[in-house]
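In: output the structure for:
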Amino acid sequence: MKIVYLAGMGRSGSTIIGKVLSQLKDFFYIGEMKQVWKYGISKNTLCGCGLNFSDCPIWSSVISRAFGIRAKEIAQKMIYMQRNTLRERHAPIIRFLNNPMKFIDKRISQEYRWAINRLYQEIARVTGANIIVDSTKTATYGLLIKNILDCPVYVLHIVRDPGAVAYSWKRSKNHNISGIKVAMRRFSTIKTVLRWGIRNWSVEQALRPFVDGFMLVRYEDFVNNPKKLVRAILKFVHEDSDLSFIHNHKVSLKETHSVWGNPGRLLHGDIKIKLDNEWKISQSNVQRIIIKVLLCIYLYRYSYL
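Out: Now for the predicted structure:
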């Protein structure tokens, strides 16, 4: 088993990239796995296939085999333990420790370690997939699974122009939770820009040194040539697959089984991949100046200047 971990800031394209990767031979996209305990097992929200989590044949089998009748009890414990195990705010601390993995070891209980192992092992068994694509995105969760799972972890660090990301986080989007539309959180430009900088710094500085492979993926490059980018990812993780489902800027997507993420995870069929450039028209000059001032180093680093 291999883990392909999609890291970076939300609204940067991880959902569509994860869905595209899930079309590849031996790949299985699980979405934001950190949320399976809360939104999957406890709240029974929609799987990426469109069924309720408990009705999805894939996840019902995985959870039954992994935890049996104790699934909801274990989920509640995992929700509590995740709050007290390793949070995103720990990333700067980890970066400057002499022995970061020892610090992480001390924060992981045996019960938490057992549950994570059981979950990923059963995903691999039930699906028959060799490569599991996890889009939880934070550096700290990536470190947790690297510490717990006895398998290679390859990180795709996905970045997108912070102007586009900031604009996206100001727009209204809804999650479907138990049949009820619930508005997703919205953030101001300044807050999103700061989170964008911190998240990408954490991925580079705290996560990158400890994984088995690290590849920077610009969302704009993926949109410009999806097949070329996917081919590069396959080479990066030492795999091969048929790419005939990618036709220039269109992809033919079968339904996937992501447990949580952007509402776009529910889409399937023929999808056109294109940049949303509305932000370039709608964003004010003040907002653009804020982004350039606060993120000038990263804009240069990721070729956005």
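In: where does the residue positioned nearest the centre of the chain sit: helix, strand or coil?
Out: With distances taken as CA atoms, centre = their mean, Ser135 lies nearest the centre of the chain, 1.6 Å away. Of the three states, Ser135 takes strand under DSSP: H, G, I helix; E, B strand; the rest coil.
In: is it true that it touches Tyr29?
Out: Yes. Look at Ser135 against Tyr29 with CB atoms under 8 Å: they come within range, at 7.4 Å. Using the backbone N, CA and C atoms, a C-beta is placed for each residue, glycine as well.
In: so what sits against both of these two?
Out: Gly18, Ser258 (CB atoms under 8 Å, 6 or more residues apart in numbering).
In: avg pLDDT for stretch 219-230?
Out: Here stretch 219-230 scores 97 as its mean pLDDT.
In: meant to ask about stretch 200-208, not that
Out: Here the average pLDDT along stretch 200-208 is 95.
In: just the buried positions in that stretch, please.
Out: Asn200, Trp201, Ser202, Val203, Glu204, Ala206, Leu207, Arg208 (16 or more other CB atoms under 10 Å).
In: quick one: which of those residues is nearest to Ser168?
Out: The closest of the buried residues of stretch 200-208 to Ser168 turns out to be Asn200 (CB to CB; 15.6 Å).
In: give me the phi and psi for that closest one.
Out: Main-chain torsions, Asn200, degrees, to the nearest 10: phi -70, psi -30.
In: from Arg95, how far out is it?
Out: 13 Å (CB to CB, to the nearest Å).
In: can you map out the strands along the stretch 201-305 of the chain?
Out: Here the stretch 201-305 of the chain has its strands, by DSSP state E, counting those that start in this stretch, at 213-218, 246-247, 250-253, 269-272.
In: related to what we said a few turns ago, let's have the buried residues of stretch 200-208 in a markdown table, adding distance to Gln82.
Out: Listed next are those as a markdown table, based on distance: CB to CB, whole Å:
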| residue | distance to Gln82 |
| --- | --- |
| Asn200 | 22 |
| Trp201 | 22 |
| Ser202 | 17 |
| Val203 | 19 |
| Glu204 | 23 |
| Ala206 | 18 |
| Leu207 | 17 |
| Arg208 | 23 |
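In: what's the closest of the residues you listed to Asn99?
Out: The nearest member of the buried residues of stretch 200-208 to Asn99, counting by CB to CB, is Ala206 at 13.7 Å.
In: now the element after whichever strand or helix holds Leu156, going C-ward?
Out: Using DSSP states H and E, the element containing Leu156 is strand 153-159. Counting by DSSP H and E, the next helix or strand C-terminal to strand 153-159 is helix 162-170.
In: tell me how many other residues crowd the closest residue in space to Val36 that isn't next to it in sequence.
Out: Distance criterion CB to CB, 6 or more residues apart in numbering; nearest residue to Val36, sequence neighbours excluded, is Val259 at 4.6 Å. Number of residues near Val259 (other CB atoms under 10 Å) recorded here: 28.
In: now do the strands in the stretch 51-200 of the chain.
Out: 131-137, 153-159, 174-177, 180-183.
In: save those strands as TSV, and put in mean pLDDT and distance to Ile69 too.
Out: Output for the strands of the stretch 51-200 of the chain, formatted as TSV (pLDDT from 0 to 100; distance: least, CB to CB, whole Å):
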stretch	mean pLDDT	distance to Ile69
strand 131-137	98	25
strand 153-159	98	31
strand 174-177	68	24
strand 180-183	70	27
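In: most neighbours per residue, which of those?
Out: Most buried of the strands of the stretch 51-200 of the chain, by mean neighbour count (mean count of other CB atoms under 10 Å): strand 131-137, with a mean of 26.
In: just checking: what are the partner strands of that strand?
Out: strand 2-8 (parallel), strand 27-31 (parallel) (DSSP bridges).
In: what residues does the shortest one touch?
Out: Residues from elsewhere that reach strand 27-31, judged by CB under 8 Å, 6+ apart: 4, 15, 18-19, 21-22, 36, 48, 123, 127, 129-135, 239, 241, 256-261, 265.
In: hey, C-alpha coordinates of that strand in PDB?
Out: Output of strand 27-31 as PDB, limited to C-alpha atoms (Å, rounded to 0.1, in the frame of the first residue of the first chain):
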ATOM      1  CA  PHE A  27      -5.900   4.300  -7.100                       C
ATOM      2  CA  PHE A  28      -8.700   5.000  -4.600                       C
ATOM      3  CA  TYR A  29      -9.600   8.500  -3.500                       C
ATOM      4  CA  ILE A  30     -10.900   8.700   0.000                       C
ATOM      5  CA  GLY A  31     -11.300  12.500   0.400                       C
END
